[in-house]
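Asker: Give me a 3D structure for the following:
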Amino acid sequence: MKKSLETPIKLNKTVALCIAAYQEDPDYLRKCLQSVKRLTYPGIKVVMVIDGNSEDDLYMMDIFSEVMGRDKSATYIWKNNYHVKGPGETDESHKESSQHVTQLVLSNKSICIMQKWGGKREVMYTAFRALGRSVDYVQVCDSDTMLDPASSVEMVKVLEEDPMVGGVGGDVQILNKYDSWISFLSSVRYWMAFNIERACQSYFGCVQCISGPLGMYRNSLLHEFVEDWYNQEFMGSQCSFGDDRHLTNRVLSLGYATKYTARSKCLTETPIEYLRWLNQQTRWSKSYFREWLYNAMWFHKHHLWMTYEAVITGFFPFFLIATVIQLFYRGKIWNILLFLLTVQLVGLIKSSFASCLRGNIVMVFMSLYSVLYMSSLLPAKMFAIATINKAGWGTSGRKTIVVNFIGLIPVSVWFTILLGGVIFTIYKESKKPFSESKQTVLIVGTLLYACYWVMLLTLYVVLINKCGRRKKGQQKGQYTCHTSRVEIHTYLYKEVIENQGQRDIYSPSILPKKKLHVLPSEYKKKSKLRMLWTPDLKGEAKHEIHQVKVYWGLLDPKSRLRHPEDETYIRGQNA
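Answerer: Down below sits the predicted model:
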């Protein structure tokens, strides 16, 4: 029976959170685990698997024990993994070690396993295989992700709403968006991708990729295809990336719907260097085109929108490249200028709509992303297709950043083609006299284009300087909170532990529409509730008040759990 998201549900389903870690930055990993401890879903099991078992990887296990509690968690260093035996190990001893890992996972609420390197898919497989069918839902998470306290609850609500929903993803936002221009543009692009594009896909039940930082699947479905998912091959090579997209496609292949909920949120790290970002986009493009072919086999099982969107997004890059080359080599100079102005105008219209929808002027910078798409993503997509059968070039760890300069080759070739077209067109046009009207069009168009860029770049510099000062203030112990008009809204979670062994989870009403500057030790009163503020997500961020734990979280206004006085709060058994 299909339920409404506003209908109270019992939180009696078992959930396991699987965290994949590989050479993670210690600060990001610590913040990730601290956010995991704040999850409000009762009795959630935590399984972190580290891809690598050398001494250089031990720091991640130490952080896990430190944050999760050495007396409340277990750790295990595995010399092998489920598919590769250790040195001198027999088939029988390998089977015994695999069974031991499974038993450890089943008998501990929080466990960290270090295993022989095999890639992210191997890490995820270990968690899935060890859990078996012991839980109802499996949540996935990356080690650089900070989860909202209600993220698990909100995804469970979607899966409980409709039994034909096989998987659900949440709203992934950028943690380090002000660290560089590339991370800032990625942040506005992420908002568009999740809150418009995937929200639209979710309406038709066909989200094509449930992101690795925040997703949840029905465990019963997961074990129907986990072996086929792990053993995926393409053009004779075993696939070593695109794990999350293929996992989503496997759910869609069974005829189940995939959904997105903006009520479940997280913050994740994104590359701040151009080359690392380019390598990431190339890798994602490879998996997109590979999964596009696989996805086409299941169009008939889902809404027509899935076919329409796949065809448009799949062929659009080729159409755009052909149009640009045709225009730059066979058009006129004012045609090129008109094309550039049109691209920015369309981007400005799109970003203005997003600004109104989000209620934040920062989305106007989305119009700049079109230039990044034209200059870098297009050649990266073509290079991804040309090297789609290459299994290498995986994700690098964040502890030691590895930069791959190969990604510059397609970008350099593309710039050479465009520059050659401009020079050729100018040379061709110089042989003919320019009319006064053409000269006027060129001058006015060039001035408009230049003014547009100067205006946006000035706004960007002002924004970065403002956020930089705010960041320095936070480092001094002051936390600056913007409410109601930014992409992340600050709430407080209140968890009441009753004598009957049950818990009620809810949050107070929205904070005033104003900017607040408070110190961690200060308290505010709102709706007869005492609120504790802490900078960032460091520390436990809680205060005991008559068996009440007050937590600091990140949520959108629409996603807040209701106050008990509204008589629509969530109530469930405490595991």
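
Asker: Pull the contacting residues for the most centrally placed residue in the chain.
Answerer: Geometric centre of the chain, nearest residue: residue 172, 3.9 Å, by Cα atoms, centre = their mean. Neighbour list for residue 172: 190, 194, 211, 213-214, 265-266, 268 [criterion: Cβ atoms under 8 Å, 6 or more residues apart in numbering]. For the C-beta atoms, the positions are set from N, CA and C on the backbone; glycine is no exception.

Asker: among the residues you listed, who's most crowded?
Answerer: When those are compared by neighbour count (other Cβ atoms under 10 Å), residue 214 ends up highest, at 29 neighbours.

Asker: ok, that one - contacts?
Answerer: 140-141, 145, 147, 151, 155, 169-172, 264-266, 268.

Asker: same question, residue 389
Answerer: 234-237.

Asker: picking that back up, and the contacts of residue 214, which is closest to residue 326?
Answerer: Among these, residue 172 lies closest to residue 326 (Cβ to Cβ), at 36.7 Å.

Asker: Buried ones in whatever helix or strand that closest one lives in, by neighbour count?
Answerer: Using DSSP states H and E, residue 172 sits in strand 165-174. By neighbour count on 16 or more other Cβ atoms under 10 Å, the buried set for strand 165-174 is 165-174.

Asker: hmm, who's touching the helix or strand just after it?
Answerer: Going down the chain from strand 165-174, the next helix or strand is helix 181-192, by DSSP H and E. When contacts are defined by Cβ under 8 Å, 6+ apart, helix 181-192 is touched by residues 172-174, 176-178, 270-274, 277, 351, 354, 358, 362-363, 365-366, 368-369, 372, 460, 464, 487.

Asker: Kindly write the PyMOL command that selects the buried subset of these.
Answerer: The PyMOL selection below is limited to those of these classed as buried (16+ other Cβ under 10 Å):
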select buried, resi 172+173+174+176+177+178+270+271+272+274+277+351+354+358+362+363+365+366+368+369+372+460+487
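
Asker: In strands, which of the contacts of helix 181-192 fall?
Answerer: 172-174 (DSSP state E).

Asker: out of those, who's nearest residue 222?
Answerer: Nearest member of these to residue 222, counting by Cβ to Cβ, is residue 172, at 20.7 Å.

Asker: what separates that closest one from residue 363, distance-wise?
Answerer: According to Cβ to Cβ, to the nearest Å, residue 172 and residue 363 sit 16 Å apart.

Asker: Residue 260 too?
Answerer: Counting by Cβ to Cβ, the gap from residue 260 to residue 363 is 19 Å.

Asker: and what of residue 352?
Answerer: 8 Å.

Asker: same thing with residue 389?
Answerer: Relative to residue 363, and taking Cβ to Cβ, residue 389 is found at 38 Å.

Asker: now swap in residue 315 and tell me
Answerer: From residue 315 to residue 363 the distance is 27 Å (Cβ to Cβ).

Asker: And the buried residues of strand 165-174, which is closest to residue 22?
Answerer: For the buried residues of strand 165-174, the nearest to residue 22 is residue 172 (18.4 Å; Cβ to Cβ).

Asker: and the closest one, what pLDDT?
Answerer: With respect to pLDDT, residue 172 scores 97.

Asker: Show me what it bridges to in the sheet.
Answerer: Per DSSP bridges, the residues bridged to residue 172 are residue 266.

Asker: residues touching residue 52, list them.
Answerer: For residue 52, counting by Cβ under 8 Å, 6+ apart, the contacting residues are 22-23, 114-117.

Asker: can you give me phi and psi for it?
Answerer: Phi and psi for residue 52, reported as degrees, to the nearest 10, are phi 140, psi 140.
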